[in-house]
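Engineer: Sequence first, predicted model second:
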Amino acid sequence: MKPDHGPLIYEGKAKRIFSTANPDQVLVHFKNDATAFNAQKHQEFDGKGALNCQISSAIFEMLKAEGVPTHYLGLISEDWLLAQKVDVIPLEVVIRNVATGSLCRETPINEGIELSPPLLDLYYKDDQLGDPLLTEARLKLLQLITSDQRKGIESLARRVNELLTSFFLNIDLLLVDFKLELGVNCEGQLLIADEISPDTCRIWDKRNLDSEARILDKDRFRKGLGGLTEGYGQILKRIQGV
């Protein structure tokens with residue numbers, strides 16, 4: 001079902017954001033597009049948007065129940081949700097619980113090594129620059145956030161990691177790493193924004209020891225493994241079974 005909405009505010013790789021009659025709220029439509037390597041690889045998958053939307057909705061509901069502030073206001077249909085309008089902070093917050101991906105390409109750390117404590121990295125959100133990793137000095141130089149916002153962002157991100165890790169372990173899934181985006185609403189409150197889904201998380205099936213078959217996230221697309229929506233569907237099925 002396509003809800004009534006106002007003009008398109010923003011279109012990204014995986015979502016469209018529309019205005020509503022309430023200036024402080026937006027409607028978010030999840031697209032079927034899958035992109036990787038800064039959109040150099042692109043394909044559409046039937047049903048992908050609906051899977052990501054429903055998974056994100058379930059996770060946001062869990063975070064809300066635990067007192068974590070998010071932009072989420074409710075699921076409208078299988079691929080639409082209602083959210084608070086936020087000014088997005090141009091940072092990507094990445095928390096890594098297990099070494100894989102770019103961390104292993106850029107360091108001598110072997111894939112599969114558990115990171116304790118989890119590693120938190122901040123990236124500058126800019127596709128044209130390739131979302132570069134920010135050092136402490138560069139973060140200060142760019143003046144993207146205040147010191148209080150920095151503390152709030154890191155505290156929120158680590159709290160989300162604790163909750164998500166437990167949430168997924170309860171359904172035999174391992175949260176390897178994930179990306180968060182945050183924003184500030186009309187009242188100046190810092191919120192978790194965007195989505196939390198297999199597009200933004202690496203999730204492995206603890207019931208499967210095969211290094212490829214255990215992957216249930218967008219790495220199936222990045223690595224050309226096939227079965228993208230099947231992997232996402234398995235995650236949603238387990239979440240709905242809780």
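Structural biologist: Looks like it arrived, so ask away.
Engineer: what's the spacing between the residue lying closest to residue 170 once chain neighbours are set aside and residue 129?
Structural biologist: Nearest in space to residue 170, with sequence neighbours left out and distances taken as C-beta to C-beta, 6 or more residues apart in numbering, is residue 242 at 6.7 Å. Placement of C-beta: from N, CA and C, glycine included. Residue 242 is 40 Å from residue 129, where distance means C-beta to C-beta, to the nearest Å.
Engineer: now residue 122
Structural biologist: Using C-beta to C-beta, residue 122 is found at 14 Å from residue 129.
Engineer: Would you mind extracting the C-alpha trace of stretch 16-31 into CSV?
Structural biologist: Provided in CSV are the C-alpha atoms of stretch 16-31 (Å, rounded to 0.1, in the frame of the first residue of the first chain):
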residue,chain,number,x,y,z
ARG,A,16,13.1,7.7,-0.6
ILE,A,17,12.1,10.3,1.9
PHE,A,18,8.8,12.2,1.5
SER,A,19,7.2,15.1,3.3
THR,A,20,3.9,14.7,5.2
ALA,A,21,1.2,17.1,6.4
ASN,A,22,3.2,17.3,9.7
PRO,A,23,6.4,19.3,9.0
ASP,A,24,8.2,17.3,11.7
GLN,A,25,7.4,13.9,10.2
VAL,A,26,8.4,12.1,7.1
LEU,A,27,7.5,8.9,5.2
VAL,A,28,10.3,6.6,4.3
HIS,A,29,10.0,4.2,1.3
PHE,A,30,12.4,1.3,1.1
LYS,A,31,13.5,0.6,-2.4
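Engineer: hang on, isn't residue 226 packed against residue 215?
Structural biologist: No. The criterion here is C-beta atoms under 8 Å, and residue 226 misses it with residue 215 at 10.8 Å.
Engineer: When those two are compared, which one has more neighbours?
Structural biologist: Legend: neighbour count by other C-beta atoms under 10 Å for residue 226 and residue 215, higher for residue 215 (24 against 10).
Engineer: Return the per-residue confidence for that one.
Structural biologist: Residue 215 is assigned 98 on the pLDDT scale.
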